[in-house]
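*Asks:* Sequence first, predicted coordinates after that:
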Amino acid sequence: GWQRAARLGLITGLVYFGISMRWYFSVDAAQVAGIKSRLAGFLTVSAVWAWSTIAMAVAWALFAIGIWWLLRKLSQKPWLIALSSGCLFAVTEYLRSFIFELAWWGPGTTWGAHWTLVSPVYAFADNQILLWLVSFIGTYGLAMLLGMVGIAGTLIIQKNYWRQRKAIVLVIIFFSSIYGTPWLLPKHQYAGRTIPFALAQTDEPTEFELTEKDNLKIFNRQLELIRAIAKQAPQTEIIALPETSDFLRYLSIFMSPTEIQRYFQKLFGHPITVVASIRIQNENKYYSRVIFLNSERGLLGYYDKHILTPNGEYIPYITRPLVRLFDKNLTAKFQTIREYSPGPFPGKTPIYTGRFNITAAICSDFASTAVIRELAKQTDVIVGLASISGFRSNGALLEQNLALNRTRAAENGTPILMVINQGISYAINGDGSVAKIATGVGQKLLTGNLYERQDKSWYNVIGNWILLPFFIVVLGTIAVTLRRDKYTNILQ
């Protein structure tokens, strides 16, 4: 019955998401949340991991119930079951991004289908043909294809569908050939202007509270990186520093806005744009803000982080009783020192540097297909700022984030520059291929040239609406089939 199907889907989800999100256990609760007891920290992290895993797995349990219903109603139509399953899996993945936000509801939650992290789709980010497909149908479109192939393969194994296996086998061979023969896709020929960039990758650990002495040391190391850029890559036009760098805030303590502009003019001798994040207070709320500062034209604009990380940038309502159990004053202290408020949904207007249109996004913003699609509509490049120091440079998280950002670049046809604190920074072409990547974690410079955006992708223009005609055809076919079967049974 459906109960057995739900259990199977839930168990599958618990195993998949539990393993995929193992990076939770690299979190140092004392550094991130100020929980000093190691036992309390481990229990808190374990609870966060378990609740996140369960929330994700619930969506797959619902998917399994849907498959059970399809098998009952369309038992003699395996090809229709496969097509319907693809649509159902795409809807399930869309629903899963809502369920995660609902599970971690709190003052920093932004309602919407944003949390696509650890999607099975990202496991295929190394395949250039599937990245090419993503530029047409998006992440959920590729999820639909994966659902079709997965269920079709399952149906072949079952004896009931052995005689009708030919059509399903053809579907599997088709999609398998796409994955197995990337050479079928002609090599992309880049043309147009290039963007000279420099990513100042830092290696600053997360601390719940930093002293002024600590901040001064961090600032001096950042200045070293800027001077190194001027020496090693003087042609640079875009300099990016990671999330939580606060570089421009430190610089403003010692220099006026005009003096800051002159500082960069003297270092580089030509106009450059610095993209860096600061923590800013506005009407008793804190925002994680990206500042765009041009050495010739001054302040160009800013962007406030829209998708905040639960338990890292705000404390969800469900976590608060657990936190109070270990420290009654910790929630109030966290709100003062680390809690942020989400910025507004990004607009379409990019920042013009004098040569290029650029936009920026911060860390978990990239998990949202909607946010990055909106940012990519009129820009030549997206500059990403991130920090995974709270996860102590966890390798699994680094790999997953790279796959996610390759998919974001490909589905929008827009190059991405990603600079990461305690991570590995990289530059991604508009087709999702990696143009350049740092040699490892630690304080490093990644410099080079990245081709500006060539053309808008179909997905960037149409969005998820591109899947609607297919959904309508499949649902219409199901309705006609069920109606015909009903009348057939009556006549019999």
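*Replies:* Great, that's in hand.

*Asks:* List the residues that contact the residue nearest to residue 45 when sequence neighbours are not counted.
*Replies:* Leaving aside its chain neighbours, residue 45 sits nearest to residue 27 (5.2 Å; criterion: CB to CB, 6 or more residues apart in numbering). All C-beta atoms are positioned from the backbone trio N, CA, C, and that covers glycine. Listed by CB atoms under 8 Å, 6 or more residues apart in numbering, the contact set of residue 27 reads 45, 390, 391, 392.

*Asks:* redo that, cut-off 10 Å
*Replies:* Residue 27 sits next to 33, 41-42, 44-45, 48-49, 206, 311-312, 390-392, 394 when contact means CB atoms under 10 Å, 6 or more residues apart in numbering.

*Asks:* Next, please give the residue ranges for the helices of the stretch 251-400 of the chain.
*Replies:* Assigned by DSSP state H, counting those that start in this stretch, the stretch 251-400 of the chain shows helices spanning 257-268, 320-326, 330-337, 369-376, 395-412.

*Asks:* Compare these and give me the one nearest residue 274.
*Replies:* For these, proximity to residue 274 was assessed by CB to CB; helix 257-268 is nearest, at 6.8 Å.

*Asks:* can you list contacts of the closest one?
*Replies:* Taking CB under 10 Å, 6+ apart as the criterion, the residues outside helix 257-268 that touch it are 223, 226-227, 229-231, 233-237, 239, 248, 251-252, 254-256, 270-274, 293-299.

*Asks:* at 8 Å instead, please
*Replies:* By CB under 8 Å, 6+ apart, the surrounding residues in contact with helix 257-268 are 226-227, 230, 234, 236, 248, 251-252, 255, 272, 274, 293-296, 298-299.

*Asks:* Of these, keep whichever come out buried.
*Replies:* For the contacts of helix 257-268, a burial check counting by 16 or more other CB atoms under 10 Å picks out 226, 230, 236, 248, 251, 272, 274, 293, 294, 295.

*Asks:* where's the first one, which helix or strand?
*Replies:* In this case it means residue 226. For residue 226, the host element (DSSP states H and E) is helix 212-232.

*Asks:* buried sites along that helix?
*Replies:* 218, 219, 222, 225, 226, 228, 229, 230.

*Asks:* With stretch 244-261 instead?
*Replies:* Under the neighbour-count criterion of 16+ other CB under 10 Å, stretch 244-261 has 244, 245, 246, 247, 248, 249, 250, 251, 260, 261 buried.

*Asks:* Now tabulate these in a markdown table and tack on distance to residue 284 and pLDDT.
*Replies:* Formatted as a markdown table, these follow (distance: CB to CB, whole Å; pLDDT from 0 to 100):
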| residue | distance to residue 284 | pLDDT |
| --- | --- | --- |
| 244 | 21 | 84 |
| 245 | 24 | 87 |
| 246 | 20 | 88 |
| 247 | 25 | 93 |
| 248 | 22 | 93 |
| 249 | 19 | 89 |
| 250 | 23 | 89 |
| 251 | 26 | 93 |
| 260 | 28 | 95 |
| 261 | 31 | 95 |
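
*Asks:* Of all pairs in the residues you listed, which one spans the longest distance?
*Replies:* 244 and 261, at 23.8 Å, using CB to CB across those.

*Asks:* after the worst-scoring helix or strand of the chain on mean pLDDT, next one along is what?
*Replies:* Lowest mean confidence among the helices and strands of the chain (mean pLDDT, DSSP states H and E): helix 165-180, at a mean of 62. Where DSSP H and E defines the elements, the next helix or strand beyond helix 165-180 is strand 194-201.

*Asks:* Just checking: what are the partner strands of that next one?
*Replies:* Partners of strand 194-201 in the sheet, by DSSP bridges, are strand 238-240 (parallel), strand 444-451 (antiparallel).

*Asks:* any chance of those strands in CSV, plus mean pLDDT, mean neighbour count and distance to residue 5?
*Replies:* Below are the strands paired with strand 194-201 laid out as CSV (pLDDT from 0 to 100; neighbours: other CB atoms under 10 Å; distance: least, CB to CB, whole Å):
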stretch, mean pLDDT, mean neighbour count, distance to residue 5
strand 238-240, 98, 26, 48
strand 444-451, 96, 19, 47
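
*Asks:* rewinding a little: so for the residue nearest to residue 45, what's the pLDDT?
*Replies:* Per-residue confidence (pLDDT) for residue 27: 90.

*Asks:* ok, now residue 454?
*Replies:* Listed pLDDT for residue 454 reads 80.

*Asks:* returning to what we had before: switch the strands paired with strand 194-201 over to a markdown table; also include distance to residue 91.
*Replies:* Formatted as a markdown table, the strands paired with strand 194-201 follow (distance: least, CB to CB, whole Å):
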| stretch | distance to residue 91 |
| --- | --- |
| strand 238-240 | 37 |
| strand 444-451 | 36 |
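
*Asks:* and of those, who's closest to residue 281?
*Replies:* Of all those, strand 238-240 sits nearest to residue 281, with 23.4 Å by CB to CB.

*Asks:* helices and strands around the top helix by length along the chain, which ones?
*Replies:* As assigned by DSSP state H, the longest helix anywhere in the chain is helix 38-73. Counting contacts by 3 or more CB pairs under 8 Å, 6 or more residues apart in numbering; DSSP states H and E, helix 38-73 packs against helix 2-20, helix 29-33, helix 78-103, helix 320-326.

*Asks:* Show me the residue at the heart of the protein, geometrically.
*Replies:* The chain has residue 367 as the residue nearest its centroid, 2.4 Å off, counting by CA atoms, centre = their mean.

*Asks:* returning to that earlier point: how about the longest helix of the chain: buried residues?
*Replies:* So helix 38-73, judged by 16+ other CB under 10 Å, has buried residues 40-41, 43-45, 48-49, 51-68, 70-71.

*Asks:* Quick one: distance of that helix to the chain centre.
*Replies:* Centroid separation for helix 38-73 versus its chain: 20 Å, with CA atoms, centre = their mean, to the nearest Å.

*Asks:* wait, residue 206 sits on residue 388?
*Replies:* No - with contact defined as CB atoms under 8 Å, residue 206 does not reach residue 388; the gap is 9.2 Å.

*Asks:* What pLDDT does the model give residue 304?
*Replies:* 94.

*Asks:* picking up where we left off before, just curious, which of the contacts of residue 27 is nearest to residue 357?
*Replies:* residue 312 (30.5 Å).

*Asks:* picking that back up, can you verify my assumption that the residue nearest to the centre of the chain contacts residue 305?
*Replies:* No - look at residue 367 against residue 305 with CB under 8 Å: they stay out of range, at 12.0 Å.

*Asks:* Would you mind measuring from the residue nearest to residue 45 to residue 288?
*Replies:* 19 Å (CB to CB, to the nearest Å).

*Asks:* Export the buried ones among the contacts of helix 257-268 as JSON lines, with columns for distance to residue 358.
*Replies:* As requested, these are exported to JSON lines (distance: CB to CB, whole Å):
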{"residue": "226", "distance to residue 358": "19"}
{"residue": "230", "distance to residue 358": "20"}
{"residue": "236", "distance to residue 358": "14"}
{"residue": "248", "distance to residue 358": "16"}
{"residue": "251", "distance to residue 358": "20"}
{"residue": "272", "distance to residue 358": "12"}
{"residue": "274", "distance to residue 358": "11"}
{"residue": "293", "distance to residue 358": "12"}
{"residue": "294", "distance to residue 358": "11"}
{"residue": "295", "distance to residue 358": "15"}
